[in-house]
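Student: what shape does this take:
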Amino acid sequence: MPRLHAVAALALTLAVTGCGTQTVRITPPEADAATGAVCADLVADLPDTLLEAERARVRPDSELTAAWGDPAIGLRCGVERPAGLAPTSYLQEVNGVAWLPQPEDAPTVYTVVGREAYVELSVPPAHGAPAAALRQISDLVSEHVPPLPDGEL
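Tutor: Numbering: from 1, shown residues only. Just a heads-up that it's a prediction; the model follows:
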């Protein structure tokens, strides 16, 4: 699990540029064309505000990433299947969407599983409980990312 924290920390970096505009650096995932198209539709439909945090500019530009606030809430669509995902993994279901919380005892990274694209949402503890963000993103995932057949993870 410590590796997960290192990856999440490297994936999200907040920078402030002139005029106080936030720029969040997020490493975009490498997704195939079909996954990229699904993710681009999801990211294009994401809200301007999440957990009362305003959407930030993301660098490098990518149709697969989004961010809000400071500290940054980050979303990456088309990430790899989580290494810790197993048939016995604890999953949190929100509005019909299964999320893998990591680490399980104090999650800050949540990954949508059982869909045609894995969607990762990083929520720093400073934003409080992530329930509202998970509900809002779950509704959009249901709309844009089809489920895998037969309950696959």
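
Student: please name the bridge partners of the spatially most central residue of the chain.
Tutor: Centroid check for the chain by CA atoms, centre = their mean gives residue 121 as the closest residue, at 2.4 Å. Here residue 121 sits in beta bridges with residue 75, residue 110, as judged by DSSP bridges.

Student: which strands and helices sit next to the longest helix along the chain?
Tutor: Taking DSSP state H as the criterion, the chain has its longest helix at helix 131-144. Contact here means 3 or more CB pairs under 8 Å, 6 or more residues apart in numbering; DSSP states H and E; on that basis helix 131-144 packs against helix 33-44, strand 49-50, strand 92-94, strand 97-102, strand 109-113, strand 118-122. (Each C-beta comes from the backbone N, C-alpha and C, glycine too.)

Student: tell me how far the fifth one lies from the chain's centre.
Tutor: Strand 109-113 has its average C-alpha position 7 Å from the chain's average C-alpha position, going by CA atoms, centre = their mean, to the nearest Å.

Student: how about the shortest one?
Tutor: Centre-to-centre, strand 49-50 and its host chain are 13 Å apart (CA atoms, centre = their mean).

Student: do you know how far residue 99 is from residue 118?
Tutor: For residue 99, the distance to residue 118 equals 11 Å [CB to CB, to the nearest Å].

Student: identify the contacts common to the two.
Tutor: Common contacts of residue 99 and residue 118 (CB atoms under 8 Å, 6 or more residues apart in numbering): 111-112.

Student: now do the spatially closest residue to residue 114 that is not a sequence neighbour, the pLDDT please.
Tutor: Distances taken as CB to CB, 6 or more residues apart in numbering put residue 98 closest to residue 114, at 4.8 Å, once the chain neighbours are dropped. Residue 98 is assigned a predicted lDDT (pLDDT) of 97.

Student: kindly report the same for the one 10 residues further on.
Tutor: We have a pLDDT of 95 for residue 108.
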